[in-house]
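**Q** sequence below, structure please.
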Amino acid sequence: MRHIGVIGGGAWGTALAAVALRAGRAVTLWAREPDVVAGINERHENRRFLPGVPLDPAIRATAELDEAVRADLLLLATPAQHLAGIAEQAADAANDPPPALICAKGIERGSGALMSDAVRRAAPAMPLAALSGPTFAREVAQGLPAAVSLACEDPRLGEAIVEALGSPAFRPYLTDDVIGVQIGGAVKNVIAIAAGIAIGRGLGDNARAAVIARGFAELSRLAAARGARPETLAGLSGLGDLVLTCTSEQSRNYTLGRAIGAGEAAEAVLGAREAVTEGVASAPAVTTMAAELGVEMPIAYGVHAVLHRGASIDDAIGGLLSRPFRPEAGAGGGDRT
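**A** Predicted coordinates:
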């Protein structure tokens, strides 16, 4: 895998292009926005999505998808709700579709499909793996240390991708639990909105810690119902990503929750952002999946109700705080938040 094609010119796609280059690969990055392409090629900076981070001049950007797909490996880094469509276009543009690493975190709204299922539906000939974990794009682009989960059902393909992207500052840990890695990455965004709401509403750090712990129980139950392994959720793509996203000012989901907890309108906050806040679209998809599987997820339902059903924040918080007292069991067991 000497040549990596990155599909998506947002902050995460740009950071992954830097990762691949540091690992010794040639990199072509596809972006839809002409200013992003020009900025990376001419000024070696993605001012729209990753301002202030200098990029190696060897990263080449293009607006032509057929150029980026002429690679040994594709990194699919577009927003989750557009991933299947872009994957289909990429497969159509390639004579023989190369393997693809899914780098978006989310659940497809409408179908309720995990990203791997959505991409398989759109591009069935494309071999797949999935990447997730506690990573902020700016730190990764700057070369600061990070560790991720890399999930692939084909061990030889998984090992090849680890070899292609791994470096001392970017450490992929290989697993075959594709479902667990994706559910952890999707649900943590929803829980992070709840954690932000707790802080924005002035409920304190104790409440945020409770949201993180009970939110972890919720995502673990959902993952278990889909057949994921508990140890996956206890790792980088579950607990690690959840803690990071629920506690950092760099998290778009956490800061959205904090803003609306403080009384701002979600539409105003989202309208002022260039980048997508994935938890907004994932909330209804997560709750739909939970309902279909008979999994109780009251924190996720509360976030969904506030964002999409007009529920007041105080009513959602009151509903959580008035739930019956129950014994605490393991995160993947029979406990209920």
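
**Q** so how far is I59 from G9?
**A** 11 Å (Cβ to Cβ, to the nearest Å). C-beta here means a position set from N, CA and C on the backbone, and glycine is covered the same way.

**Q** and for N253?
**A** Plainly put, N253 is 27 Å away from I59 if you go by Cβ to Cβ.

**Q** the two: which is more packed in?
**A** N253 (25 against 20; other Cβ atoms under 10 Å).

**Q** please name the residues that touch that one.
**A** Listed by Cβ atoms under 8 Å, 6 or more residues apart in numbering, the contact set of N253 reads N189, V190, A192, I193, G196, T245, T277, E278, G279.

**Q** check which element follows the helix or strand hosting it along the chain.
**A** N253 belongs to helix 252-261 when assigned by DSSP states H and E. Per DSSP H and E, helix 252-261 leads on to helix 266-271 as the next helix or strand towards the C-terminus.

**Q** distance from that following helix to the middle of the chain?
**A** Chain-centre distance of helix 266-271: 20 Å, with Cα atoms, centre = their mean, to the nearest Å.

**Q** need the contacts of N253 in a markdown table with neighbour count, can you?
**A** Rendered in a markdown table, the data for the contacts of N253 read as follows (neighbours: other Cβ atoms under 10 Å):
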| residue | neighbour count |
| --- | --- |
| N189 | 30 |
| V190 | 34 |
| A192 | 33 |
| I193 | 35 |
| G196 | 29 |
| T245 | 27 |
| T277 | 22 |
| E278 | 23 |
| G279 | 31 |
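
**Q** closest to A129 out of those?
**A** E278 (19.4 Å; Cβ to Cβ).

**Q** need the pLDDT of that closest one.
**A** Looking at E278, its pLDDT reads 88.

**Q** next one: it from E296, what distance?
**A** 23 Å.

**Q** buried sites along stretch 78-92?
**A** T78, P79, A80, Q81, L83, A84, I86, A87, E88, Q89, A90, A91 (16 or more other Cβ atoms under 10 Å).

**Q** those residues in helices, which ones?
**A** L83, A84, I86, A87, E88, Q89, A90, A91 (DSSP state H).

**Q** would you turn the residues you listed into CSV with distance to G39 and pLDDT?
**A** Shown next, in CSV, are those (distance: Cβ to Cβ, whole Å; pLDDT from 0 to 100):
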residue, distance to G39, pLDDT
L83, 24, 95
A84, 28, 95
I86, 21, 95
A87, 25, 95
E88, 27, 95
Q89, 23, 95
A90, 23, 94
A91, 28, 93
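
**Q** quick one: which two of these are the most distant?
**A** L83 and A91 (12.3 Å).

**Q** show me how the record splits this protein into domains.
**A** Using automatic domain parsing, the domain parsing of the chain gives 3-176, 185-321.

**Q** now these as a markdown table including distance to E328?
**A** What follows is the domains of the chain, written out as a markdown table (distance: least, Cβ to Cβ, whole Å):
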| stretch | distance to E328 |
| --- | --- |
| domain 3-176 | 25 |
| domain 185-321 | 9 |
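
**Q** looking at those domains, spot the one closest to P327.
**A** Shortest distance between P327 and the domains of the chain, using Cβ to Cβ, is found for domain 185-321: 12.5 Å.

**Q** just to be sure, V6 is in a strand?
**A** Yes - using DSSP: H, G, I helix; E, B strand; the rest coil, the assignment for V6 is a strand.

**Q** for it, name its beta-bridge partners.
**A** L29, L75 (DSSP bridges).

**Q** that one: how many residues sit nearby?
**A** For V6, using other Cβ under 10 Å, the count is 30.

**Q** helix, strand, or coil at the nearest residue to I107 once chain neighbours are set aside?
**A** Setting aside the residues directly before and after it, I107 is nearest to A285 in space (Cβ to Cβ, 6 or more residues apart in numbering), at 3.8 Å. Secondary structure for A285, judged by three-state DSSP, is helix.
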